[in-house]
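# Model the structure of this input:
(chains A and B)
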Amino acid sequence: MELTDNEAIAQSLAGRPEAFATVVRRHGQAVHGYLFRRSDRQTADDLLGEVWLRAFRSRHSYDQQGPSARPWLFGIARNTLRAHWRLRATFRDDLIELSHDPWSDADARLDAARQRPALREALRVLCPEDREVLLLVAWEHLSPAEIAVSLGIPAGTARWRLHRARALFQQCFDDETPVLSSVPCTKEP
Amino acid sequence: MDAFQLLEEAGNVPLADDTTIEAAVDLLLIAAFQEGSQLDLAGSRAVAADANSVGHPRPRPRPIIASLTGASDAFSQDQAGHRHRRALRVAAAVVVVAAVAVGSSVLLPGGSTPAAAAVLKNLARVAAAQPAPAVPNPGQYLYADSVGTYTSSTCFNDCSGSPTIAVANTFSWLVPEHRQIWIGANGSGRLIETFGQPTFPSAQNRALWLAAGSPVLPTSPVDASFGPGGLGDGPTNLASLPTDPSVLANEIASRKIESGPPGPAEDFSQVGDLLRETDASPALRSALFQVAAGLPGVEVLGAVTDHAGQTGVGLGYVHDGVRQEFIFDPKTSSLLGEQDTVVGPGSSYHAPVGTVVDWAVYLQPSIVNSIAPRPSSSVMPGLSVRSPWSSSTAS
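As a prediction, the model looks like this:
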């Protein structure tokens, strides 16, 4: 029988490092999809191996908070994408300001895929944290509890952010009022 | 309109290619090997008594059992050249070698080029970081010890006619072999080989052997000494090869193996020849892996364990229905072992898919001061010629 994620990672820490390959095979496509949706195929192909090496090297800090390692892996994919973005920003002055937010890559993909401008605009308006919460549900199909694991925030905060993000997103989409700058992320109540 | 639903649809992206995922798996396995203390590949290998061990001895000349009546000139044909495992060893007569080699040259390129390229590029990095191997001083010898099984083939009737008939009248048998070789700085040295009981790779080969009148299959031990140059130019002759990967790739592409496979299959074979038991420099070995990374059709076999229980990363190339497979230690990039496996139609071995037609495992070579016989550093393993490498990551 196939090892579960938790078993595979535990074994990989107990003298069988190659057991980690089970996790790669199980979630390889999901991690690739995460990268692809936020950048493009080439970037996803290029970064996939790095995400897995990072995951493998940091598996000591893997905290079994559920049956699946996927939320944790998306967190590593997010950091890898950010590092990639920062590296790229160092060669492009105009990107430095945005270097913590890899959104423009995803926006470029949606643009190429001819997605509605209203959709892209409504997403652009969201602050990066809220946007990521919304996308983890819409694109990666995580539950609020898994989002909490992925982002390292309390579950209550994840739920609250999701609620806020969905409402704001729908509102911006309906209004189609041009918004010049994104809404700052407010503190949780 | 439900903006959330639109957003979900906007997240539909095509799946990654399988090769992309497999490349990630292979990178991971390499990282796992490099980390794994339990998988201490170097430690699990038999080490020769001499402490001055070096990474890689030179390519070994291959004894060819020249005919059914005797093996007297076994080495003369091959001594100048390196050992080319994929050159078909149909050796009853030169004309037969030619006839069979042109038989069916259908190139069957494998799939995983990106995965193979990722593995090979990593091996190139590992190779470049290795310390330079020791080379024998005048009066010293590179001593290498290996075990394996090789296939010998003989045509017994109508051998100079059509290739089809020649193949139909050719039977193959497998001979377990234990080999010790001493290679001096000037190319002099000694070769001792002992052979086990011959077997047949399939019932059809046995039937053909019976049809040929059940000739005695020679398995006499070999003990031969060589004067200067007898084993090539000596271990340092590789120093003349370019270490720029693109220059080296052209050099390799321009070389031809007599009766060997054409095109990329030949190039892959040559890369193996130059990595096999040589004292090639780290720079050259790194370049060789990069050359292989540029060859179309190289496949990754995943993590495999060879016949001596050594685990490493496997790479293969299919030609004429036979896959030439190498297994490398991902920690050091050294060649641990190799084998040839029937994987499809087109082979001349009359053997079913999955048959391992030959294999070898290489034990840690060393520098020694004389060609005096020495006890083997290894126990000859079970020589189970039918069992393919076990693959712990078969997908």
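
# quick check, B:Ala207 in a helix?
Yes - B:Ala207 forms part of a helix when assessed by DSSP: H, G, I helix; E, B strand; the rest coil.

# What's the local residue count around it?
13 (other Cβ atoms under 10 Å in any protein chain shown). Using the backbone N, CA and C atoms, a C-beta is placed for each residue, glycine as well.

# Equivalent analysis for B:Ala129, please.
Neighbour number of B:Ala129 under other Cβ under 10 Å is 11.

# so who does the residue lying closest to B:Trp209 once chain neighbours are set aside touch?
Leaving aside its chain neighbours, B:Trp209 sits nearest to B:Phe171 (4.8 Å; criterion: Cβ to Cβ, 6 or more residues apart in numbering or on different chains). Contact partners of B:Phe171, counting by Cβ atoms under 8 Å, 6 or more residues apart in numbering or on different chains, are B:153-154, B:156, B:200, B:205-206, B:208-209, B:212, B:350.

# just the buried members of these?
For the contacts of B:Phe171, a neighbour count by 16 or more other Cβ atoms under 10 Å in any protein chain shown gives the buried set as B:153-154, B:156, B:200, B:205-206, B:208-209, B:212, B:350.

# picking that back up, and which of the contacts of B:Phe171 is nearest to chain A?
Of all the contacts of B:Phe171, B:Phe200 has the smallest distance to chain A: 36.0 Å, by Cβ to the nearest Cβ.

# model confidence over the host helix or strand of the residue nearest to B:Trp209, on average?
B:Phe171 is located in strand B:170-184, with elements delineated by DSSP states H and E. In this model, strand B:170-184 carries a mean pLDDT of 84.

# how about it: buried residues?
For strand B:170-184, by 16+ other Cβ under 10 Å, it's B:170-184.

# Now do the domain split for chain A, please.
The domain map for chain A lists A:1-102, A:116-177, with the assignment taken from automatic domain parsing.

# Confirm B:Asp223 sits in a helix?
No - counting by three-state DSSP, B:Asp223 falls outside a helix, being strand.

# give me the number of residues near it?
12.

# now the one 5 residues further on
Taking other Cβ under 10 Å as the criterion, the count of residues near B:Pro228 is 13.

# Sort out which residues of the one helix or strand in chain A whose mean pLDDT sits lowest are buried, please.
The weakest-scoring helix or strand in chain A, judged by mean pLDDT, DSSP states H and E, is helix A:103-112 (a mean of 76). In terms of neighbour count (16+ other Cβ under 10 Å), helix A:103-112 has its buried residues at A:103, A:105-107, A:109-110.

# Packing partners of that helix?
Counting contacts by 3 or more Cβ pairs under 8 Å, 6 or more residues apart in numbering or on different chains; DSSP states H and E, helix A:103-112 packs against helix A:21-38, helix A:117-125.

# quick one, which of those helices is nearest to chain B?
The nearest among these, by Cβ to the nearest Cβ, is helix A:21-38 at 4.0 Å.

# Quick check: mean pLDDT of that closest one?
In this model, helix A:21-38 has a mean pLDDT of 94.

# how about that helix, does it reach chain B?
Yes - interface with chain B: helix A:21-38 contributes A:21, A:24-25, A:28-29, A:32-33, A:36-37 (Cβ under 8 Å from any Cβ of the partner chain).

# what packs against the one helix or strand A:Ala165 maps to?
For A:Ala165, the host element (DSSP H and E) is helix A:155-175. Contact analysis of helix A:155-175 by 3+ Cβ pairs under 8 Å, 6+ apart lists helix A:117-125, helix A:128-138, helix A:144-151, helix B:3-10 as its packing neighbours.

# Mean neighbour count added to those helices, as JSON lines?
Output for those, formatted as JSON lines (neighbours: other Cβ atoms under 10 Å in any protein chain shown):
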{"stretch": "helix A:117-125", "mean neighbour count": "19"}
{"stretch": "helix A:128-138", "mean neighbour count": "22"}
{"stretch": "helix A:144-151", "mean neighbour count": "21"}
{"stretch": "helix B:3-10", "mean neighbour count": "16"}
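
# Of all those helices, which one is nearest A:Arg70?
Nearest to A:Arg70 among the helices and strands packed on helix A:155-175 is helix A:144-151; the distance by Cβ to Cβ comes to 7.3 Å.

# Now pLDDT and distance to A:Val125 too, for the buried ones among the contacts of B:Phe171, in JSON lines please.
Formatted as JSON lines, those follow (pLDDT from 0 to 100; distance: Cβ to Cβ, whole Å):
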{"residue": "B:Ser153", "pLDDT": "79", "distance to A:Val125": "74"}
{"residue": "B:Thr154", "pLDDT": "79", "distance to A:Val125": "79"}
{"residue": "B:Phe156", "pLDDT": "77", "distance to A:Val125": "83"}
{"residue": "B:Phe200", "pLDDT": "85", "distance to A:Val125": "75"}
{"residue": "B:Asn205", "pLDDT": "84", "distance to A:Val125": "74"}
{"residue": "B:Arg206", "pLDDT": "85", "distance to A:Val125": "78"}
{"residue": "B:Leu208", "pLDDT": "84", "distance to A:Val125": "78"}
{"residue": "B:Trp209", "pLDDT": "85", "distance to A:Val125": "81"}
{"residue": "B:Ala212", "pLDDT": "82", "distance to A:Val125": "84"}
{"residue": "B:His350", "pLDDT": "80", "distance to A:Val125": "71"}
